[in-house]
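In: Got a predicted model here, sequence first, then my questions.
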Amino acid sequence: MPIMCKLPFNWQTTDEAVERGKSLHKVGCELLLLHKHSAEKINASISKKDWDSVKVIRESVSLPIIVDVGLSSKWEVDECIEYTGVQGVTASESLEGNPSLFCKKQPPVLDVVRQYLELCKVHPTSISNIKHHINGFCGFYLSRFHDLSTSLKEVQSLEGIEQLMEELGENISKLSGKELKSLTSLRRKKEWRKRGRDRKKEEGTKVVKERDENHIPKIVLKKLQKERVGNAMKSDAQRVAIDFTVIDCMLNKEISKLAGQLMRLYGCNMKSTSPVHLYLTGLETGGVVYRECERQSFDFTKILASVSEKSYLTLFDADDVVYLTPDSPNVLDQLNKDKVYIIGGLVDHQVRKDKTKSLAEEKGLCTARLPIDKYMELKDISPKKKKSGKHAFSIVLSVNQVFEILLKFHETQDWRQALGTCVPQRKGLVLKT
Ligand SMILES: C[S@@+](CC[C@H](N)C(=O)[O-])C[C@H]1O[C@@H](n2cnc3c(N)ncnc32)[C@H](O)[C@@H]1O
């Protein structure tokens, strides 16, 4: 069982933390969670001054590191990860006020409120708790409508709160564009932007200048992306399909992860300079995956991908199909435009070995695995094992990671680059020299 250790640190005690981290590594710890420890507070939020300390710890201790920070925006998370090189961050209190903190595009606040209230029906909690959260989500809207804000203080049932939120929605819909704009740029957003501006100031004007020179207006960029993907769908571009016929024994939380992965891989294809023709096959309209994707704001009516309830075997000639599976004896060398590469739409936490391999072989299909073992090796492999060659490993990646590797290879024709950028560091693999 992997062991994670929580390690207190602050910028004044970096060396001590490095020593402790190394000792923990020696005794078998596999993941470190750094949390700032100040004289006054055990879990203080970390400031930029501490980032250097985190960076030093990360570079000195060969363990994946997660850092516990007081986040206020996705922007801050990305910046912290990029600066310190840590493998992840944790968030707690800030998610209370904004559960979509990690989303690139923030969903409408009232959608978040509705989803939250639905969850309260499934997992009952106290009315005061609900009010506390509602205030966190949309306090800045409520502050514009004082009578609603007062009614919320008095209401004593979930139904009452739901009704007030509907009224809030109606009131908001009656606001003029200008009023709405000024309202939505209230407190929190202002704070976020201010933080952003301060950071940029701190780092000087260089970054800003670089950005200006390469700047393409967002609207033009989106149009360009849509054109590229639209062309890939019309022309004889490389085809990659996700097979949703294998979802049968998945748990609800796995379905939810799969939907998240699907959205991520779709986004990557949209942003790629060399997109593929993406097929979502065997995807039942109104089925569990479909509904979960919709719940996570994926709009099937607008997407640029071929979506079908039919299985890939009905859509494509079996001879053109290559089923990607981590357990295949064949190594994928090239992408062939005449072939369709199928990725199993599967999240299996308790890895069901050979699942897609057996299914594909039963149907007499070609299979292949990514050339991970050809180009990469385990970071901490002993020289003895390395010499004997007895360190074969099978690496099971998630649907979006496999898709991103294919996409990167499609773009660069370079497996080293594709694997080097897309295989997550936590897999403990490095490119062979
Ligand atoms: C989370 S994996 C599921 C693994 C599952 N045990 C199986 O038998 O396929 C999801 C899908 O990603 C693809 N995949 C994952 N790792 C791969 C690898 N190393 N090589 C080729 N395909 C891979 C496969 O299509 C797989 O079905």
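Out: Nice, I can see it.
In: The closest residue to the ligand within the chain - nearest residue in space that isn't next to it in sequence?
Out: Across the chain, the shortest distance to the ligand (Cβ to the nearest ligand atom) belongs to Gly344, at 2.4 Å. Just so you know, the C-beta spots here come from the backbone N, C-alpha and C atoms, and that holds for glycine as well. In this structure, Gly344 finds its nearest non-sequential neighbour in Thr356, 4.1 Å apart by Cβ to Cβ, 6 or more residues apart in numbering.
In: pLDDT at that neighbour, what is it?
Out: With respect to pLDDT, Thr356 scores 92.
In: show me the contacts for the residue of the chain closest to the ligand.
Out: 243, 246, 323-325, 355-356, 399 (Cβ atoms under 8 Å, 6 or more residues apart in numbering).
In: The same query, at a cut-off of 6 Å, please.
Out: 243, 246, 356 (Cβ atoms under 6 Å, 6 or more residues apart in numbering).
In: before we move on, what about Ser274?
Out: Counted by Cβ under 6 Å, 6+ apart, Ser274 has contacts 410-411.
In: what separates it from Glu59, distance-wise?
Out: Separation of Ser274 from Glu59 (Cβ to Cβ, to the nearest Å): 34 Å.
In: before we move on, what about Ser157?
Out: Computed as Cβ to Cβ, the Ser157 to Glu59 distance reads 54 Å.
In: What mean pLDDT does stretch 128-142 get?
Out: Averaging pLDDT along stretch 128-142 yields 86.
In: quick one: buried residues of that stretch?
Out: Within stretch 128-142, the residues that qualify as buried by neighbour count (16 or more other Cβ atoms under 10 Å) are 130, 133-138, 140-142.
In: Residues of the protein that sit close to the ligand?
Out: Selection of the chain residues close to the ligand by Cβ under 6 Å from any ligand atom yields 324-326, 343-344, 346-348, 351-356, 369-370, 372, 395-399, 402.
In: repeat that with 5 Å
Out: 324-326, 343-344, 346, 351-352, 355-356, 369-370, 395-397, 399, 402 (Cβ under 5 Å from any ligand atom).
In: Narrow those to those in helices?
Out: Members of the residues of the chain next to the ligand lying in helices (criterion: DSSP state H): 355-356, 399, 402.
In: would CSV of these with distance to Lys55 and neighbour count be doable?
Out: Output for these, formatted as CSV (distance: Cβ to Cβ, whole Å; neighbours: other Cβ atoms under 10 Å):
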residue, distance to Lys55, neighbour count
Lys355, 40, 17
Thr356, 40, 25
Val399, 32, 22
Val402, 31, 24
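In: which of those sit farthest apart?
Out: Lys355 and Val402 (14.5 Å; Cβ to Cβ).
In: Let me see the ranges of the strands in the stretch 201-350 of the chain.
Out: 239-243, 277-281, 306-307, 321-324, 340-344 (DSSP state E, counting those that start in this stretch).
In: right, and those - which one's nearest Glu292?
Out: With Cβ to Cβ, the closest approach to Glu292 among the strands of the stretch 201-350 of the chain belongs to strand 277-281: 13.2 Å.
In: Pull the closest one out as CSV, backbone CA atoms only.
Out: Extracted C-alpha coordinates of strand 277-281, given in CSV (Å, rounded to 0.1, in the frame of the first residue of the first chain):
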residue,chain,number,x,y,z
HIS,A,277,-11.1,13.1,-36.5
LEU,A,278,-12.5,12.1,-33.2
TYR,A,279,-15.3,9.5,-33.0
LEU,A,280,-17.3,8.8,-29.8
THR,A,281,-18.7,5.4,-30.6
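In: Quick check: which helices or strands does that strand pack against?
Out: Where contact means 3 or more Cβ pairs under 6 Å, 6 or more residues apart in numbering; DSSP states H and E, strand 277-281 is packed against strand 239-243.
In: 7 Å - rerun?
Out: strand 239-243, strand 306-307, helix 312-315 (3 or more Cβ pairs under 7 Å, 6 or more residues apart in numbering; DSSP states H and E).
In: out of those, which comes closest to Leu332?
Out: strand 239-243 (12.1 Å).
In: For the closest one, which strands pair with it and how are they oriented?
Out: Strand pairing for strand 239-243, determined by DSSP bridges: strand 277-281 (parallel), strand 340-344 (parallel).
In: Dump those to CSV, plus mean pLDDT.
Out: Below are these laid out as CSV (pLDDT from 0 to 100):
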stretch, mean pLDDT
strand 277-281, 97
strand 340-344, 97
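In: Nearest to Gln225, out of those strands?
Out: Using Cβ to Cβ, those put strand 277-281 closest to Gln225, at 13.2 Å.
In: who touches that closest one?
Out: For strand 277-281, contacts defined as Cβ atoms under 7 Å, 6 or more residues apart in numbering pick out 232-233, 237-244, 266, 269, 305-308, 310-312, 315.
In: mind redoing it with 8 Å?
Out: Strand 277-281 is contacted from outside by 232-233, 237-245, 262, 265-266, 269, 304-308, 310-312, 315, 340, 342, using Cβ under 8 Å, 6+ apart.
In: Any of these buried? List them.
Out: Applying 16+ other Cβ under 10 Å to those flags 232-233, 237-245, 262, 265-266, 269, 304-305, 308, 312, 315, 340, 342 as buried.
In: Thr245 versus Ser308, what's the distance?
Out: Applying Cβ to Cβ to Ser308 and Thr245 gives a distance of 11 Å.
In: so what sits against both of these two?
Out: Residues touching both Ser308 and Thr245 (Cβ under 8 Å, 6+ apart): 281-282.
In: possible to save the helices and strands packed on strand 277-281 as JSON lines with distance to Asn330 and mean pLDDT?
Out: Converted to JSON lines, the helices and strands packed on strand 277-281 look like this (distance: least, Cβ to Cβ, whole Å; pLDDT from 0 to 100):
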{"stretch": "strand 239-243", "distance to Asn330": "17", "mean pLDDT": "97"}
{"stretch": "strand 306-307", "distance to Asn330": "26", "mean pLDDT": "96"}
{"stretch": "helix 312-315", "distance to Asn330": "18", "mean pLDDT": "96"}
